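Q: pasting the structure only:
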């Protein structure tokens, strides 16, 4: 190979190199510029989204989650845009990403269900921190709502962790939603005791308890509910503020027991009469 052929080869390589650098160098510079500018725009959009959530009074525990999800989605779109600018074929990439997402979703189906349940609870708010609930066979006060689990403190101070998946799709009783609750009692007196006197004593106890409400739909109710094997049964229904429920429940039972004794009203208990016949 003579010097002319070598020069020609070098010239060809030089031209090709310049062409490659011109083509891909510009694309690379453009992609870098788009990534930098796009990152700034994404950050601005995420901050604006966070401010919009704050103005709409979105739950404070939900805001960081939604903010991070929006940020991730925008950055993924930005990454796909940059890779496309570099000439990378995205069809196969998206297919692989979809297959990987499906595999991860199947492997973490239970966790994703709890995740979705947590989002639903935070959005629709069937209960909030501080509410007393009965769900999934447990009762207690909600102490924390996490994205995967809800933490409940039982009345005997046990910590109960309930997965959000089942909690968001099953029946639940929230005792703290309503401002007022009805307290139901069942009392019995012996046969032969005066029903009128029994009603008078119960109504007197109701009237002396300032926590018991009266008037309109909150009027108390006292009536004979049945004739049992050994007692005349009374049903008593009173209305109280939700926070006074248990105080009134326990105090009324104690007051009825003590007052019935003083008033000569007998509280019967099951008993059996045995008759012996001699031949």
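A: Perfect, thanks for sending it. Not measured: the values here are computed from a predicted model. Residues are numbered from 1 along each chain as shown.
Q: Show me which positions of the helix or strand where residue 50 lies end up buried.
A: Per DSSP states H and E: residue 50 is located in helix 26-55. Of the residues in helix 26-55, 31, 35, 38, 42, 46, 49-50, 53 count as buried by neighbour count, 16 or more other Cβ atoms under 10 Å. To be clear about C-beta, it is placed using only N, CA and C from the backbone, and glycine gets the same treatment.
Q: Next: stretch 216-230.
A: 220, 222.
Q: and the gap between the residue minimising distance to the centre of the chain and residue 137?
A: For the chain, the residue nearest the mean C-alpha position is residue 121 (4.0 Å; Cα atoms, centre = their mean). Distance of residue 121 to residue 137, given as Cβ to Cβ, to the nearest Å: 18 Å.
Q: Would you list the phi and psi of residue 184?
A: Main-chain torsions, residue 184, degrees, to the nearest 10: phi -110, psi 140.
Q: Number of residues surrounding the spatially closest residue to it that is not a sequence neighbour?
A: Counting by Cβ to Cβ, 6 or more residues apart in numbering, residue 237 is the residue found nearest to residue 184 once chain neighbours are left out, at 5.5 Å. When neighbours are defined as other Cβ atoms under 10 Å, residue 237 has 13 of them.
Q: Just the mean pLDDT for the host helix or strand of the residue nearest to the centre of the chain, thanks.
A: Residue 121 belongs to helix 109-124 when assigned by DSSP H and E. Averaged across helix 109-124, pLDDT comes to 78.
Q: Packing partners of that helix?
A: strand 138-145, strand 149-153, strand 159-163, helix 164-169 (3 or more Cβ pairs under 8 Å, 6 or more residues apart in numbering; DSSP states H and E).
Q: Return the list of strands paired to the third one, each annotated with direction.
A: Strand 159-163 has the following strand partners under DSSP bridges: strand 149-153 (antiparallel).
Q: Flag the shaky bits of the stretch 151-279 of the chain, pLDDT-wise.
A: Where the stretch 151-279 of the chain drops to pLDDT under 70, the residues are 270-273, 279.
Q: do that again at 90, thanks
A: 155, 164-172, 176-177, 192, 214-217, 228-230, 267-279 (pLDDT under 90).
Q: Which strand or helix spans residue 84?
A: Assigned by DSSP H and E, residue 84 falls in helix 63-85.
Q: Residues touching that helix, excluding its own?
A: 27, 30-31, 34-35, 38-39, 42, 45-46, 49-50, 53-54, 58, 90, 93-94, 119, 122, 147 (Cβ atoms under 8 Å, 6 or more residues apart in numbering).
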